[in-house]
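>>> Okay, here's the prediction I keep looking at, along with the sequence it came from:
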Amino acid sequence: MVITTDGTEIIANMPAKVFTDMIKKAGTLNLDLKTKEARDWMRKEAGKTKVNPISNIMKTSTDRFRTTPYPGHLYMFYYDPKHKNTLPYYDQYPLIFPIEMYKDRFLGLNMHYLPYELRGQLMDLLFETRNNNKMNESTKLKLSYQIVKSISDVPLFKPTIKMYLKSHVRSRMVWVDPKEWHFALFLPTQKFQKASVSQVYADSREIIKG
């Protein structure tokens, strides 16, 4: 917050309004954001959003911008695949939990590849791996490629595992606060290129069935 010489308050670097509005509304309802009740409420609120809010989110406050993603945190960014001409389709605005970092790329779970009901089921599983219940910047999922491999019998993971080249991330990464995870998860921010959402979800269901 910046105070001008005449005492006027100017709010700078505000997070994306779609998130701040949700947090304010939760406050008016006296919801404890650490509870399952609050998580269920956030999912329903996100489901009411009809317009894709990604442009608003990508203009979020600078304190949410990250240059390096870390495993177990949640990020949004703009991605332009190197081999987009040969890919059957891709998500232009991934919603990623990184699980493994390499020199020039990273492996992650892009939650957008699952239809909403399956996205919720996977998030419930992932949420059980969190390192604490604070739901602040210290909170993360305890994820690694070895952990994902060890639970490979859970087919929900399969459609979401994607590799991303760092040089083809075309925007600043937006870090999503853990208290907003369950809201961000259900926002209509996916933007698939070369295929419809329904086609992507149908393919993901087939992958899950094996």
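Looks like it arrived, so ask away.

>>> confidence score at the residue nearest the centre of the chain?
Of all residues in the chain, the one closest to the mean position by Cα atoms, centre = their mean is residue 95, 3.6 Å from it. Note for residue 95: predicted pLDDT of 97.

>>> what do you get for residue 69?
Predicted confidence (pLDDT) for residue 69: 93.

>>> who touches it in this structure?
Residues in contact with residue 69 (Cβ atoms under 8 Å, 6 or more residues apart in numbering) are 75, 96, 98, 101, 106, 108, 173. Bear in mind the C-beta positions are built from the backbone N, C-alpha and C, glycine included.

>>> Just give the nearest non-adjacent residue to the first one, would you?
In space, not counting the residues next to it along the chain, residue 75 is nearest to residue 173; the distance is 4.6 Å by Cβ to Cβ, 6 or more residues apart in numbering.

>>> thinking again about what came up before, phi, psi for the residue nearest to the centre of the chain please.
Residue 95 adopts backbone torsions of phi -120, psi 100, taken as degrees, to the nearest 10.

>>> What of the one 10 residues further on?
Note on residue 105: its backbone torsions stand at phi -160, psi 170 [degrees, to the nearest 10].

>>> about what we covered before: ramachandran angles for the residue nearest to residue 75?
According to degrees, to the nearest 10, residue 173 has phi -80, psi 130.

>>> Run a quick neighbour tally on it.
Residue 173 has 20 neighbours, counted by other Cβ atoms under 10 Å.

>>> right, and it touches residue 76 too?
Yes: Residue 173 is within contact range of residue 76, at 7.3 Å (criterion: Cβ atoms under 8 Å).

>>> which residues of the chain score low on pLDDT?
1-15, 151-152 (pLDDT under 70).

>>> Where do the strands of it begin and end?
Assigned by DSSP state E, the strands in the chain fall at 2-3, 9-10, 65-66, 74-76, 90-91, 95-101, 105-110, 161-165, 173-176, 192-193.

>>> now, which of the contacts of residue 69 sits nearest residue 183?
Nearest to residue 183 out of the contacts of residue 69 is residue 75 (Cβ to Cβ; 14.9 Å).

>>> The closest one: neighbouring residues, count only.
Neighbour tally, residue 75, other Cβ under 10 Å: 22.

>>> Quick check: bridge partners of the residue nearest to the centre of the chain?
residue 76 (DSSP bridges).

>>> is it true that residue 105 touches residue 169?
No: in this structure, residue 105 is not within contact of residue 169 by Cβ under 8 Å, at 9.9 Å.

>>> neighbour-wise, which of those two wins?
residue 169 (19 against 15).

>>> is that one in a bridge, and if so with what?
residue 79.

>>> From what I see, it and residue 75 are in contact.
No: in terms of Cβ under 8 Å, residue 169 does not count as a neighbour of residue 75; the distance is 9.5 Å.

>>> Could I get the full set of helices for the chain?
Counting by DSSP state H, the chain has helices at residues 17-28, 36-47, 54-57, 116-127, 145-150, 181-184, 197-209.

>>> Would you mind listing the outside residues contacting the third one?
Read that as helix 54-57. Residues contacting helix 54-57 (Cβ under 8 Å, 6+ apart): 16-19, 76, 93, 174, 189, 191.
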